[in-house]
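1. The amino acid sequence is not available; the structure is as follows:
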């Protein structure tokens, strides 16, 4: 079984929390499935859940090199040099990290409002970039964009491999074959 979930902002990628925060159990009422990979509490978007251990490992293990596409709303407007640095690799505290691809994009069509919305500053523009990674270290996209001078304001995972968010509202899920 494979479930695609559009994980909302401020939801933990686990089924229980002793501090009363929202968890996957608030959205997916199916027992015996587990996340294949993680999304931070303050990130949104596609999360895959499965009851198949081999599939879970294939999706989440860095050696599988499964591409994951992220949309990041960043502070500032990226230039060609910043995007090139993301692709060439940046130094992070836990080692170098590089994007398979990084490009500027228009705000994604049909994007839902986030609650609460990102902070808005009249004097500081924001823009969107698309970043494709084949690994997924803790807060990697946020740390990479910050390293090139583009702090992330909002982060949405759009796809994992061939699976996408298309047709899924925040909190909605569907089973795929």
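-> Structure received. Everything numeric in this text was worked out from a predicted model, so none of it was measured.

2. residue ranges for the strands of the protein, please.
-> Using DSSP state E, the strands of the chain run over 2-7, 34-35, 44-50, 68-75, 90-92, 95-97, 101-105, 126-133, 152-160, 163-164, 173-176.

3. Roughly how far does residue 5 sit from residue 46?
-> 7 Å (C-beta to C-beta, to the nearest Å). All C-beta spots, glycine's among them, are computed from the backbone N, C-alpha and C.

4. Quick check, central residue of the protein?
-> By C-alpha atoms, centre = their mean, the chain has its centre lying nearest to residue 157, at 3.1 Å.

5. which non-adjacent residue is nearest it?
-> residue 45 (3.6 Å; C-beta to C-beta, 6 or more residues apart in numbering).

6. ok, the one you found touching residue 5?
-> No. With contacts counted by C-beta atoms under 8 Å, residue 45 stays clear of residue 5, the gap being 9.2 Å.

7. So for residue 84, which of the strands of the chain sits nearest?
-> Judged by C-beta to C-beta, the one of those that comes nearest to residue 84 is strand 101-105, at 8.1 Å.

8. ok, and what's touching that closest one?
-> Residues outside strand 101-105 that contact it (C-beta atoms under 8 Å, 6 or more residues apart in numbering): 71, 77, 78, 83, 86, 87, 127, 128, 129, 130, 131, 132.

9. mind listing what that strand pairs with, with the direction of each?
-> Using DSSP bridges, strand 101-105 pairs in its sheet with strand 126-133 (antiparallel).
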